[in-house]
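1. got a predicted structure here, sequence first:
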Amino acid sequence: MQYDRIKDILAKEPLNEKIEIRGWLRTRRDAKDFSFLELNDGSCLANLQIIASSDLGNYQDVIVKLHTGCSLKVTGELKESPAKGQKIELHAEEIDIYGWADPEIYPLQKKRHSYEFLRTIAHLRPRTNSLGAIARIRSSLSFSVHQFFHTHGFVYVHTPIITTIDCEGAGEMFKVVAPEDVLNDISGIQSNADFFGKPANLTVSGQLQAEVYAMALGKVYTFGPTFRAENSNTSRHLAEFWMVEPEMAFYDLADNMNLAESFLKYLVRHTLENDSEDLHLFANFVDKNLYRKLQNILEEPFSRITYTEAIKLLQKSPQKFDFPVEWGTDLQAEHERYLCEEIFDRPLFVTDYPRDIKPFYMRINDDNATVAAMDLLLPGIGEIIGGSQREERYDVLVSRMQEMHLNLDEYNWYLDLRRYGTVIHSGFGLGFERFLQFITAMKNIREVIPFPRTPGSALY
Ligand code: ATP
Ligand code: MN
């Protein structure tokens, strides 16, 4: 069979050809001598209209009993549709049912359901228009991420999910433990009772391992799941989320920001070109300004200010904040959004944060008070990227690590990268779900990942 997806059929309109198609029924409407069936197979937002004539052998027994959610196979011929609303329709010659969906209990009825309700049926929600569209956009953008780096000479590195380093030096890592009986079986490990011979965690970032590969392959990236055991019940935090982390040898902070900017523009351009049907849904029903917001990313260069300038702007502003604005403290979401939405109204890089609020691996600036960090803030979202130029000077790195009471023995391998052939280098992490929120205008991050994990909730 030449066409087996509705998307291809709607794109190519192979009139008068014999078609066999499988999918799930969205709606049935009965007319005098026939029924209209709207079939969806998940390949695209649009349904294929099926004309099921009362001449069909199973019309009385099956067709007029079909309800939303039933799974079907339809064979027939594609014709031009005389009615408004669709250009083509399939005239069924045979309709077979795979599975019924009892309308008395099937949770997805024709009416609109709230996103909160849909979260409670995460196994059925991809069958709705909006969650289906998000899944397709997510897939398409994942592909664009790989395409961007592939065409820019980056090597894709799979960094580990189980790690024995603590990248941020923070206590927000999930522990990885093996069952007692397994540990008892492994000789030599009983003494410290750890499967790996030392404590292990789920990764919070692939950066440090990516640096290893950047120091050999020049330009690398990772794209995978990361985990944070933080008790943040916000609309922008998940306990499991996906991060895109490029790491580049010979890049300084400005190169790093330039790359981040062209990366984001590339992703937005690609989604506008490739996902227009799905995007349209969000522009229609979720945010009327969506296209303007996306165009805004493409047209203007992103703004750039230092943290110190940002603090001055916030202090001068008439806005009252819940958290005080003071040099030396981290910017809160309310500050980030005010800067980005009210003052600049476009993507904004904030650079050169105080060293005391940033991790050990960020490069100390000449002022000795700030580090070569950059956060990218997006209107409506806040922080979407965190990045920095890394400290490449052995002595400076060692004294910083000592200052922060890190165990140098644990990081000998990381220091080796500075002992042998050190070079300036930079990288960043893009929160993939936050970016998807920006693209789809979804208010809650739980809608843009198939199976959200948050404190108190992890279905399946
Ligand atoms: P935030 O201040 O918003 O918690 P962060 O400073 O902890 O972010 P980084 O450690 O710099 O974030 O991580 C890089 C990027 O990963 C962030 O810019 C953001 O887009 C994303 N990110 C961070 N934490 C989460 C989370 N819990 N859920 C989803 N995305 C996240
Ligand atoms: Mn955080």
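-> Yep, it's here. Ligands and ions are numbered 1, 2, ... in the order given.
2. can you list the residues of the stretch 151-300 of the chain near ligand 1?
-> If contacts are counted using Cβ under 6 Å from any ligand atom, the residues of the stretch 151-300 of the chain sitting beside ligand 1 are R228, H237, L238, F241, M243. The way it works is simple: take the backbone N, C-alpha and C, and place the C-beta from them, glycine included.
3. pretty sure the second one sits against T454.
-> Put plainly, it is H237. Yes: if you go by Cβ atoms under 8 Å, H237 and T454 touch, sitting 7.4 Å apart.
4. looking at the residues of the stretch 151-300 of the chain next to ligand 1, spot the one nearest N58.
-> If you rank those by distance to N58 using Cβ to Cβ, L238 comes first, at 46.3 Å.
5. for that closest one, the count of nearby residues, please.
-> 23 (other Cβ atoms under 10 Å).
6. how about the helices in this structure?
-> For the chain, applying DSSP state H gives helices covering 6-12, 115-120, 129-151, 180-185, 207-217, 253-274, 276-285, 290-299, 307-316, 333-337, 394-403, 412-419, 432-440.
7. with mean pLDDT, distance to C44 and mean neighbour count as new columns, can those helices be given to me in JSON lines?
-> Compiled in JSON lines, those are given as follows (pLDDT from 0 to 100; distance: least, Cβ to Cβ, whole Å; neighbours: other Cβ atoms under 10 Å):
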{"stretch": "helix 6-12", "mean pLDDT": "95", "distance to C44": "4", "mean neighbour count": "17"}
{"stretch": "helix 115-120", "mean pLDDT": "97", "distance to C44": "20", "mean neighbour count": "15"}
{"stretch": "helix 129-151", "mean pLDDT": "98", "distance to C44": "8", "mean neighbour count": "18"}
{"stretch": "helix 180-185", "mean pLDDT": "82", "distance to C44": "47", "mean neighbour count": "11"}
{"stretch": "helix 207-217", "mean pLDDT": "98", "distance to C44": "36", "mean neighbour count": "20"}
{"stretch": "helix 253-274", "mean pLDDT": "98", "distance to C44": "12", "mean neighbour count": "18"}
{"stretch": "helix 276-285", "mean pLDDT": "97", "distance to C44": "6", "mean neighbour count": "16"}
{"stretch": "helix 290-299", "mean pLDDT": "94", "distance to C44": "19", "mean neighbour count": "15"}
{"stretch": "helix 307-316", "mean pLDDT": "97", "distance to C44": "43", "mean neighbour count": "17"}
{"stretch": "helix 333-337", "mean pLDDT": "94", "distance to C44": "34", "mean neighbour count": "19"}
{"stretch": "helix 394-403", "mean pLDDT": "97", "distance to C44": "51", "mean neighbour count": "15"}
{"stretch": "helix 412-419", "mean pLDDT": "98", "distance to C44": "47", "mean neighbour count": "15"}
{"stretch": "helix 432-440", "mean pLDDT": "98", "distance to C44": "16", "mean neighbour count": "23"}
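8. distance of D409 relative to I165?
-> Separation of D409 from I165 (Cβ to Cβ, to the nearest Å) stands at 12 Å.
9. neighbour count winner among the two?
-> Between D409 and I165, counted using other Cβ under 10 Å, I165 has the larger neighbour count: 18 against 7.
10. hang on, the more buried one packs against L208?
-> Yes: the pair I165 and L208 qualifies as a contact (Cβ under 8 Å) at a distance of 6.0 Å.
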